[in-house]
Each structure stands twice: as structure tokens, then as C-alpha cells.
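**Student:** need a 3D model of the following:
(one chain, ligands or ions: 3)
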Amino acid sequence: MPASPENSTLIDQIDALLPQTQCGQCSFNGCRPYAEAIALGVADINQCPPGGEQGIRDLADLLGVAPKPLNIKFGQHKPASVAFIIEQDCIGCVKCIVACPVDAIVGAAKFMHTVISSECTGCELCLAPCPVDCIIMKPVDNNTERAQKSAQAKRRYEARCSRKEKQDAEKVERMQQKKQLLLKMQAGK
Ligand code: SF4
Ligand code: SF4
Ligand code: SF4
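**Tutor:** Ligands and ions are numbered 1, 2, ... in the order given. This is a model prediction of the structure:
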């Protein structure tokens, strides 16, 4: 079907209801292609496991059709999770970076890689390509994660202040020692 303002709007509306995990479980190469297929009538509304039953109900409401159970041929609905790289096991092969649809992994060839958890959709596409199985999924509890992040930020800030204080004190001490040495040298003239 050629893109018309009408079907573009419908695709946008459908896409807005999809979870944007970009996992491909629906058998399409991302959420937008699935939205296009639904709009064209070539895909059913129950093919998105991350969206689960709520997602299906939202799509059914939008399209004015009856909801139906998730088609488990496409996968099971699971709680939200994010990827985590066990860095000491990472060999820096870059395969996970290539697989990640949302650029949530940073690293360079032959160096360990890290997942930016705030960017990770939990799509799991990085798991299979990893030759050493050093990527695991961790469940996300938003409140806990937020609390953990702010607690971590506080700890890091305090550690930084304490390190800076120590460096300043060492600097003052070095300057005093230098001054005393200079005074002694002048007195010895
Ligand atoms: S299964 Fe759902 S979340 Fe995954 S790509 Fe398809 S529409 Fe997006
Ligand atoms: S880091 Fe892995 S799980 Fe997270 S978005 Fe990228 S490919 Fe998906
Ligand atoms: S695929 Fe695995 S080993 Fe390779 S860079 Fe990613 S985490 Fe490291």
C-alpha cells in the first residue's frame, strides 16, 4: 500500500502503542515495520510478546476490533529486564554492539564492553552473538533501580569530595614543606 497521510497517521498511532523494544519477536525487523504490517492488515495484533495482553488491548481499542490472547508462537510476555555484561569475561569482540538495535552498548575492539542500562530495552538481541556468554539479563524494578542509582550517585559524589579533600591537604603539606626548605636554605646562607 503506498504511504498516504491516512495510513501514515494510523501507522504512527499503532507504533506509539508498541513497546519499542525492537526485539523482532513479532517476526518484523522492529516495532515500526510491525506497525506498518498491522496497518496493512497483513499482521495480527497479538504478535508482540513485550507488549503483552495490555498492548493487545490497546491495539484492539485503536483499531476497533476484539482483543485476543497473545500468540505464543511469537514468544511469552516477560517482566522488563536490562542486559548486563560480566566485564571480566568480555573479550572485546564487538559482536554485541553490532547486534544492539538501540546503541546501548559502549566499548571498542579488544576492550571490555558495557551496557548503558538507561538505554537498554531488554530486547536480548545481544545475548546469542556473544561468544563467551558474558551477557546476562537482570530484571528491572523502576523504583528500586532509581533508588539504587541515586544512592550510587551519592556514594560516588561523597567519595569524590573525600578524594579531592585529601589531594588538597597533600598539596598544602607539600607547599609548606617546600617553603620550610627554602627558609632553611636562606637561613644557611
Ligand atoms: S515484538 Fe513488539 S517490541 Fe518486539 S519488535 Fe515487534 S513490536 Fe517491537
Ligand atoms: S544491550 Fe542487549 S538487551 Fe539491551 S537493547 Fe542492546 S541488544 Fe537489547
Ligand atoms: S559479544 Fe560478549 S565478548 Fe563480545 S564484546 Fe560483547 S560482551 Fe564482550
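
**Student:** now do the helices in the chain.
**Tutor:** 5-17, 31-40, 52-63, 95-99, 142-187 (DSSP state H).

**Student:** can you tell me which of these is most buried?
**Tutor:** Comparing the helices of the chain by mean neighbour count (mean count of other C-beta atoms under 10 Å), helix 31-40 comes out on top with a mean of 20. Where C-beta positions appear, they are placed from N, C-alpha and C, glycine not excepted.

**Student:** other SSEs contacting that one?
**Tutor:** helix 5-17 (3 or more C-beta pairs under 8 Å, 6 or more residues apart in numbering; DSSP states H and E).

**Student:** what residues does this structure put near ligand 2?
**Tutor:** Residues of the chain lying close to ligand 2 by C-beta under 6 Å from any ligand atom are 83, 99-100, 102, 104-105, 115, 120-126.

**Student:** now with 5 Å, please.
**Tutor:** Residues of the chain lying close to ligand 2 (C-beta under 5 Å from any ligand atom) are 83, 100, 102, 104, 115, 120, 121, 123, 125, 126.

**Student:** taking those one by one, which sit in strands?
**Tutor:** Within the residues of the chain next to ligand 2, residues falling in strands by DSSP state E are 83, 115.
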